[in-house]
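Asker: Quick one: sequence and predicted model below, then my questions.
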Amino acid sequence: MKKFVYIILILAIGALAYYGTKEPSGRLEKNEEDQHAVSGMSEKLAGDYNEAGLTLYVNGSEVEEDEYKPYVSNNLHLMMPLKMLKDKMKCTYIEYVNGSIVIKRNEGVARLVLDSQDAELDGKDVKIADAPIKKDDETFVPIEYIADTLDYTCEYNYDTGRVSLQKVGEDSKLPAAYDMRKEGRVTEVRDQGDSGTCWAFASLAALETTLMPDEKLQFSVDNMTMNNGFGVEQFEGGQYRMSIAYLASWKGPVLEKDDPYGDDKTNSKLKAVKHLQEAEIIDDKNLKAVKEAVYTKGGVETAIYSDMIDADSSSEYYNEETHAYYYDGSEGINHDVVIVGWDDNYSKNNFNKAPKKDGAFICKNSWGTEFGEDGYFYISYYDAHICETSVVYTRLEGADNYDKIYQSDKLGWVGVLGFDQEDAYFANVYTAGKSEELKAVSFYATDAKTTYEVYVATNFENTDDLANKKLVASGEMEYAGYYTVNLDEVVKLPDEKKFAVIVHITTPGSKYPIAIEYDADSMTDSFDISDGEGYISLYGNQWYSAEKERKCNVCLKAFTDKTE
């Protein structure tokens, strides 16, 4: 079926003389003076349209949320936020650190690059008049150029301000099978040897995929396992919260070549080469969400029970010929792997004991290439533990994204605190340096569908000053996890004065929504209660000292940049 992008322009007569009807491949040849006149008029018109506002309709329904609104570029093209394509048009997309953007829906694939007019639509190289850009930390793309590729029509009328996107055919569906290896989105398989470091290998392997295929780095397991701050030796094992805490506190990751594995030494003075901004935690065997994460974001770390310890082991639960594993017993988890794909039609007969239905995840192990299928194996969807808790490291940025981190929770999410209801307030107080502006904060959502409001109070002297707070951000987290929230506008901090970051958090179904760091056991012996000034409150008016009255630090970091 032939698809069309309908473009309706109702402009002033003078403007029509210059522009007519736009076509994505069209080009006007004018002398320099004419071009300058056209540019000036189009910028004025774009400003008028944006000031008047556009009304967005997707599949016949008005989209009222301001965060999804398009704007008109100076070339009079519609620029749409990427998250609107995902949330309202059911597209999937991946943003890479080098600026590449891949957007998919059904069989259509659009490949774009930030600040570049070069694009690839359904395998064909094209030029687009408006390049994708970052605007207020949000990525915008020229929707009229890619709508057809995504099985959508695009109609807009600048006179009425109405923009209408209508799908052609059915909503996007995940493929029956997907393999990150075929997309060049995995790094090489490694071997943990006889150490209990599978958790770190899995965390870092998943983290590495966040950058693939555009940036291929190998991160140091020794550095993560020997410098995380927890009282755990390499042979003792670990878990994903330790990984997140290490990464979120800017201790790592560092490169494998700078701190190689297995030499019984480490360099604790190495600086992180990337900064973790976000890690989603998907619970309760949500297989669809895990697949979507693999498809659009990166490899997913998860835990299983394994009675094997290396490539030379055998097990009644593992079919060595088909590289298929299925455990249906009651033993607890003891091994971490990375999900890098799936096959809905993978036969249940490939397992030593047949699960109730077909289907398996493709998993990357850390026992070298002699194990399984060059280091990979298949785990049944119906395995006892696969996807009970899954972690995807969804945002990784350069180590220069902020000048300074303020924190008092280097061990991260150790426990939870609250007032026996689903919402609460928590705050951390820090002393600013000179010429700094607050750009972002980070904290944990302890369960799905957590909503938040972030406030800032400058010139803090005592808890009475927490009432003089300013709302600087709000939103919702779909999953539990660690999140960095960019402020709606930067806050200039008074030089060498205390300031407070305050969060009102609501986690449906929770009695204790605040993530805290405290001395829980021998693993957390390095807990330092002297480095923080935190507070908690039920309603945001009466505050309790986290350190003095609850013997903990609240997990709430702040990020600043120097001002010129």
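Answerer: Everything's here; your move. Residues are numbered from 1 along each chain as shown.
Asker: who does the longest strand along the chain pair up with?
Answerer: Assignment by DSSP state E gives strand 480-493 as the longest strand of the chain. Using DSSP bridges, the strands paired with strand 480-493 in its sheet are strand 274-283 (antiparallel), strand 436-445 (antiparallel).
Asker: Name the residues of the first one that are buried.
Answerer: Residues of strand 274-283 classed as buried by neighbour count (16 or more other Cβ atoms under 10 Å): Lys274, His275, Leu276, Gln277, Glu278, Ala279, Glu280, Ile281, Ile282. C-beta: built from backbone N, CA, C; applies to glycine.
Asker: Spatially nearest residue to Asp344 (excluding sequence neighbours)?
Answerer: Ala176 (4.5 Å; Cβ to Cβ, 6 or more residues apart in numbering).
Asker: Roughly how far does that neighbour sit from Val168?
Answerer: Distance, Ala176 to Val168, by Cβ to Cβ, to the nearest Å: 22 Å.
Asker: And those two? Which one has more around it.
Answerer: For the pair Ala176 and Val168, the greater number of neighbours falls to Val168 (14 against 11), based on other Cβ atoms under 10 Å.
Asker: Could you verify my assumption that that one touches Asp151?
Answerer: Yes - the pair Val168 and Asp151 qualifies as a contact (Cβ atoms under 8 Å) at a distance of 4.6 Å.
Asker: mind checking which helix or strand the residue positioned nearest the centre of the chain is in?
Answerer: Taking Cα atoms, centre = their mean, the centroid of the chain lies closest to Thr394, which sits 2.7 Å from it. Using DSSP states H and E, Thr394 sits in strand 389-398.
Asker: and the angle for that strand with strand 480-493?
Answerer: 30 degrees (axes from the mean of the first three to the mean of the last three Cα atoms, to 10 degrees).
Asker: Next one, pLDDT for the residue nearest to Asp344 please.
Answerer: pLDDT recorded at Ala176 is 93.
Asker: I figured it hits Asn345, correct?
Answerer: Yes - judged on Cβ under 8 Å, Ala176 makes contact with Asn345 at a distance of 6.1 Å.
Asker: how long is stretch 360-372 end to end?
Answerer: This stretch, stretch 360-372, spans 14 Å end to end (Cα to Cα, to the nearest Å).
Asker: Now do that stretch: everything it contacts.
Answerer: Stretch 360-372 is contacted by residues 179-181, 186, 189-192, 197-198, 201-202, 205, 290, 299, 310-311, 323-324, 337-343, 346, 350, 375-381, 386-387 when judged by Cβ atoms under 8 Å, 6 or more residues apart in numbering.
Asker: Strands of the stretch 201-350 of the chain, start to end?
Answerer: Ranges of strands within the stretch 201-350 of the chain are 274-283, 300-304, 318-319, 324-325, 335-343, based on DSSP state E, counting those that start in this stretch.
Asker: Mean pLDDT and distance to Pro253 added to the ones you listed, as a markdown table?
Answerer: Output for those, formatted as a markdown table (pLDDT from 0 to 100; distance: least, Cβ to Cβ, whole Å):
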| stretch | mean pLDDT | distance to Pro253 |
| --- | --- | --- |
| strand 274-283 | 97 | 6 |
| strand 300-304 | 98 | 14 |
| strand 318-319 | 98 | 31 |
| strand 324-325 | 98 | 28 |
| strand 335-343 | 98 | 15 |
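Asker: Kindly present those strands as TSV, with separate columns for distance to Gly415.
Answerer: Shown next, in TSV, are these (distance: least, Cβ to Cβ, whole Å):
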stretch	distance to Gly415
strand 274-283	16
strand 300-304	20
strand 318-319	36
strand 324-325	33
strand 335-343	22
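Asker: wait, which of those is closest to Asp400?
Answerer: Closest to Asp400 of the strands of the stretch 201-350 of the chain is strand 274-283 (Cβ to Cβ; 8.7 Å).
Asker: okay, the angle between the closest one and strand 300-304?
Answerer: Using the same axes, to 10 degrees: strand 274-283 against strand 300-304 is 50 degrees.
Asker: so how far is strand 274-283 from its chain's centroid?
Answerer: Offset of strand 274-283 from its chain centre (Cα atoms, centre = their mean, to the nearest Å): 6 Å.
Asker: List the contacts of it.
Answerer: Contacts for strand 274-283 (Cβ under 8 Å, 6+ apart): 207, 211, 217, 240, 244, 247-248, 250, 253, 289-290, 293, 297, 300, 387-399, 401-402, 442, 447-448, 478-484.
Asker: what about Asn74, how many neighbours?
Answerer: Neighbour tally, Asn74, other Cβ under 10 Å: 14.
Asker: helix, strand or coil for it?
Answerer: coil (DSSP: H, G, I helix; E, B strand; the rest coil).
Asker: Offset the numbering so it begins at 18, please.
Answerer: Sure thing, new numbering starts at 18, so read that last one as Asn91.
Asker: tell me the pLDDT at it?
Answerer: Looking at Asn91, the pLDDT reads 89.
Asker: where does the stretch 68-217 of the chain dip in pLDDT?
Answerer: Scanning the stretch 68-217 of the chain for pLDDT under 70 picks out the ranges 189.
Asker: can you give me the helices in it?
Answerer: 99-104, 160-163, 215-226 (DSSP state H, counting those that start in this stretch).
Asker: by how many degrees do the longest one and strand 406-415 diverge?
Answerer: If I follow you right, that is helix 215-226. Using the same axes, to 10 degrees, helix 215-226 lies at 50 degrees relative to strand 406-415.
Asker: Okay, angle between helix 215-226 and strand 352-360 too, please.
Answerer: 40 degrees.
Asker: Packing partners of helix 215-226?
Answerer: helix 238-243, helix 257-265, strand 317-321, strand 352-360, strand 406-415 (3 or more Cβ pairs under 8 Å, 6 or more residues apart in numbering; DSSP states H and E).
Asker: Of all the ones you listed, which one comes closest to Phe157?
Answerer: strand 406-415 (17.9 Å).
Asker: what's that closest one packed up against?
Answerer: helix 215-226, helix 257-265, strand 291-300, helix 304-313, strand 317-321.
Asker: Would you convert the helices of the stretch 68-217 of the chain into a markdown table that also reports distance to Phe544 and mean neighbour count?
Answerer: As requested, these are arranged in a markdown table below (distance: least, Cβ to Cβ, whole Å; neighbours: other Cβ atoms under 10 Å):
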| stretch | distance to Phe544 | mean neighbour count |
| --- | --- | --- |
| helix 99-104 | 37 | 19 |
| helix 160-163 | 50 | 26 |
| helix 215-226 | 20 | 27 |
